[in-house]
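K.L.:
Show me the folded form of this:
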Amino acid sequence: MDIKKLFDLSNKVILITGAAGMLGTQYAYGLSRLGANVVLADLELSKCRLTEKEIKKKFSTKPMSIKLDLRKKESILSMTNVVIKKYSKIDVLINNAAYQGDPKIRKSGFENLDLETWNKAIDVNLTGVFLCCQSIGKHMLKQKSGNIINIASIYGLVGPDQRIYGKSGQNSAAFYASTKGAIINLTRYLATYWQGTGIRVNSFSPGGVENKQDPLFIKKYSERTPLQRMAKKDEYVSSIVFLASDASSYMTGSNLIVDGGWTAW
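P.N.:
Just a heads-up that it's a prediction; the model follows:
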């Protein structure tokens, strides 16, 4: 067995939604380092273009940026067509984009959650994933191969420990937990629906990432975690590489949890 070959992503076309975000950017660099041609899809096109420019400088790959609005079906279909026209294939789809809501909304509590915010979260976090899987899945069926990675969360598995949040504004809202739980089972559904077609579908459930949050929140979160800290922003890249590569070739319908032990209590 050639381990290096299993993790080699040379000439793989990997589409990342939410690529302008902190983790999306980390995934793009990590995948590019192993030879992938990444497609950076996000509403914030300017940020994607900056990342694309840096990737071109550092790696001998062919990245591209594209504006994507997950609330519009025509935007998703257009993105798919543009990528297929440029690369003639999409090997991996990473449904990474997610709407978490304004901190003020999250702090206001479930009782005050407005319907507009709830619907926006459903549109982006769940319907957007459904539409991306549907649009790109059609091409993967034609290719007779494909790999879909849906980014879920520990809060798709367990309820948030509300004791750690206080007035931090980091509170996990009901719509986030609801959509992430749905993503995990959509993953299972698609894995079994596309059985025998060459398409694999898995989800990834990360824990919290330290990113200049309120110090008291970081302290409480860390105390609640067996590894006694939050994740660093680059610590999930290896998991994404594993799921995107042939190293996970016998894996479908699974949910990979990397959370510092959060869900082990």
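K.L.:
Next up, the contacts around V38.
P.N.:
V38 makes contact with I14, L15, I16, A19, A28, L31, S32, I55, T61, P63 under the criterion CB atoms under 8 Å, 6 or more residues apart in numbering. (C-beta placed from N, C-alpha, C; glycine too.)
K.L.:
The one helix or strand L15 maps to: what's the following helix or strand?
P.N.:
Using DSSP states H and E, L15 falls within strand 13-17. Once the chain leaves strand 13-17, the next helix or strand it forms, by DSSP H and E, is helix 22-33.
K.L.:
got the angle between the helix or strand just after that next one and strand 13-17?
P.N.:
Per DSSP H and E, the first helix or strand lying C-terminal to helix 22-33 is strand 37-42. Strand 37-42 runs at 20 degrees relative to strand 13-17, counting by axes from the mean of the first three to the mean of the last three CA atoms, to 10 degrees.
K.L.:
on contacts alone, who are the packing partners of the strand holding L15?
P.N.:
For strand 13-17, the elements it packs on are helix 22-33, strand 37-42, helix 73-87, strand 92-95, helix 128-143, judged by 3 or more CB pairs under 8 Å, 6 or more residues apart in numbering; DSSP states H and E.
K.L.:
list the helices and strands the third one packs on?
P.N.:
For helix 73-87, the contact count by 3+ CB pairs under 8 Å, 6+ apart identifies strand 13-17, strand 37-42, strand 64-67, helix 128-143 as packing neighbours.
K.L.:
Is A191 in contact with R200, as I believe?
P.N.:
Yes - applying CB atoms under 8 Å, one finds A191 in contact with R200, separated by 7.1 Å.
K.L.:
For K232, which of the helices and strands packed on strand 13-17 is the nearest?
P.N.:
With CB to CB, the closest approach to K232 among the helices and strands packed on strand 13-17 belongs to helix 22-33: 9.6 Å.
K.L.:
Are there helices or strands packed against that closest one, and which ones?
P.N.:
Judged by 3+ CB pairs under 8 Å, 6+ apart, helix 22-33 is in contact with strand 13-17, strand 37-42, helix 45-58, helix 237-244.
K.L.:
The ones you listed into JSON lines, with extra columns for mean pLDDT and distance to L113?
P.N.:
Shown next, in JSON lines, are the helices and strands packed on helix 22-33 (pLDDT from 0 to 100; distance: least, CB to CB, whole Å):
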{"stretch": "strand 13-17", "mean pLDDT": "98", "distance to L113": "24"}
{"stretch": "strand 37-42", "mean pLDDT": "98", "distance to L113": "25"}
{"stretch": "helix 45-58", "mean pLDDT": "98", "distance to L113": "28"}
{"stretch": "helix 237-244", "mean pLDDT": "98", "distance to L113": "31"}
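K.L.:
Which of the ones you listed sits closest to Y155?
P.N.:
Judged by CB to CB, the one of these that comes nearest to Y155 is helix 237-244, at 17.2 Å.
K.L.:
Show residues contacting that closest one.
P.N.:
Outside helix 237-244, the residues that touch it by CB under 8 Å, 6+ apart are 7, 9, 12, 14, 26-27, 29-31, 34, 36, 92, 94, 147, 149, 202, 204, 206, 247-248, 251, 256, 258.
K.L.:
I'd say N95 and L131 touch.
P.N.:
No - using CB under 8 Å, N95 is not in contact with L131; the gap is 10.0 Å.
K.L.:
Between these two, point out the one with more neighbours.
P.N.:
Comparing N95 with L131 by other CB atoms under 10 Å, the one with more neighbours is N95, at 28 against 20.
K.L.:
gap between that one and F130?
P.N.:
N95 sits 9 Å away from F130 when distances are taken as CB to CB, to the nearest Å.
K.L.:
repeat for D234
P.N.:
D234 sits 29 Å away from F130, going by CB to CB.
K.L.:
Any chance of JSON lines for the helices and strands packed on strand 13-17, columns distance to M1?
P.N.:
As requested, the helices and strands packed on strand 13-17 are exported to JSON lines (distance: least, CB to CB, whole Å):
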{"stretch": "helix 22-33", "distance to M1": "22"}
{"stretch": "strand 37-42", "distance to M1": "26"}
{"stretch": "helix 73-87", "distance to M1": "29"}
{"stretch": "strand 92-95", "distance to M1": "22"}
{"stretch": "helix 128-143", "distance to M1": "25"}
